[in-house]
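In: A predicted structure for the sequence below; I have some questions about it.
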Amino acid sequence: MESAIITGTGIYAIPGFELEQQQIKTPFGLAQVNIARKDGFELAYLARHGLNHTTPPHNINFRANLKALQMLGVKRVLATYAVGSINREIPPMGLALLSDFLDFTNNRPLTFYEGGKSGLAHTSMDAPYCPAMGRKILELAAVHKLQIHPETVYVATNGPRFETPAEIRMYAKLGGDVVGMTGVPEVVLARELNMHYAAIAYSINWATGLEKEMEFVSEKMQEIRQKLAGLVVHTLQELKTLDCGCEKAVMFMHPPEE
Ligand code: HPA
């Protein structure tokens, strides 16, 4: 199947779709992927933290997840993330289309291409999130009565702890709009496999230090999350040929020996 959805905190189903759970064995370990079906439309569905939210951000096996999607034939991924808001223009309950990221993660596998037989590659991050998918998302948002902040810079942190006030002040100065714990290396690994990858963030709190206390809107988000799931499916169904350079992002010094 050509399309996949990856969801984050708070989304563990796709409304109206039947899920068939599968364990897929990859060179990087097992991945739990669901085949989601509705009215003849089929896509791969991965809940990043597991369907019962048991995997913390730093323990997600990103390589197994992305490799499993590739093994299923996936070429287009639409991801969603729960985030904290740094930019005052994206309040909690707001949605944001990612256009770039700042990576503050460490000790996570960064690549499929580790040298030797696995190959060696450098991947362009000119446009980490597929601009053609992004345009479609913004176009269809109105149909789903959703407002989406365009051009959003995602700050990736390791977690599982939240940030300190000084860290958030630093991220704001660097141009970060939202902060989350799972966006990297997922986007990088998808691009290493020449996939088109777009992402929508949904804010569930003001980032540390922006308000007196950190408050989470999770409970109130249900309606927005449902609409968001509808938009994500609709976007994947409507996508035709994509006029972007996503499939040319990888520059191999040595291709993998398979
Ligand atoms: N920081 C990091 N990750 C998050 C946050 C946050 O404030 N909210 C949701 N995911």
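Out: Right, received. Where do you want to start?
In: Leu210 reaches Ser85, doesn't it?
Out: Yes - at 7.3 Å, Leu210 and Ser85 qualify as touching, with contact defined as C-beta atoms under 8 Å. Every C-beta, even on glycine, is put in place using the N, C-alpha and C of the backbone.
In: which one's more surrounded, the two?
Out: Ranked by neighbour count (other C-beta atoms under 10 Å), Leu210 and Ser85 place Ser85 first, with 24 against 17.
In: tell me, what's the model's pLDDT at the nearest residue to that one once chain neighbours are set aside?
Out: Distances taken as C-beta to C-beta, 6 or more residues apart in numbering put Ser203 closest to Ser85, at 4.4 Å, once the chain neighbours are dropped. With respect to pLDDT, Ser203 scores 96.
In: what helix or strand is Ser203 located in?
Out: Using DSSP states H and E, Ser203 falls within strand 196-206.
In: by contact count, what packs against that strand?
Out: strand 76-85, strand 95-103, helix 131-141, strand 148-156, strand 178-180, helix 186-192, helix 222-238 (3 or more C-beta pairs under 8 Å, 6 or more residues apart in numbering; DSSP states H and E).
In: can you redo the ones you listed as a markdown table with distance to Glu163?
Out: Conversion of the helices and strands packed on strand 196-206 to a markdown table gives the following (distance: least, C-beta to C-beta, whole Å):
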| stretch | distance to Glu163 |
| --- | --- |
| strand 76-85 | 8 |
| strand 95-103 | 12 |
| helix 131-141 | 26 |
| strand 148-156 | 9 |
| strand 178-180 | 6 |
| helix 186-192 | 19 |
| helix 222-238 | 23 |
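In: least confident of those, on average?
Out: Mean pLDDT per stretch puts helix 222-238 lowest among these, at a mean of 92.
In: export that one as CSV, just CAs?
Out: Output of helix 222-238 as CSV, limited to C-alpha atoms (Å, rounded to 0.1, in the frame of the first residue of the first chain):
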residue,chain,number,x,y,z
GLN,A,222,-11.2,15.0,21.2
GLU,A,223,-13.3,16.8,18.6
ILE,A,224,-10.3,18.5,17.0
ARG,A,225,-8.4,15.2,16.9
GLN,A,226,-11.3,13.5,15.2
LYS,A,227,-11.5,16.2,12.6
LEU,A,228,-7.7,16.1,12.1
ALA,A,229,-7.9,12.3,11.5
GLY,A,230,-10.5,13.0,8.8
LEU,A,231,-8.3,15.6,7.2
VAL,A,232,-5.3,13.3,7.2
VAL,A,233,-7.2,10.4,5.5
HIS,A,234,-8.8,12.8,3.0
THR,A,235,-5.4,14.3,2.1
LEU,A,236,-3.9,10.8,1.5
GLN,A,237,-7.0,9.8,-0.6
GLU,A,238,-6.8,13.0,-2.8
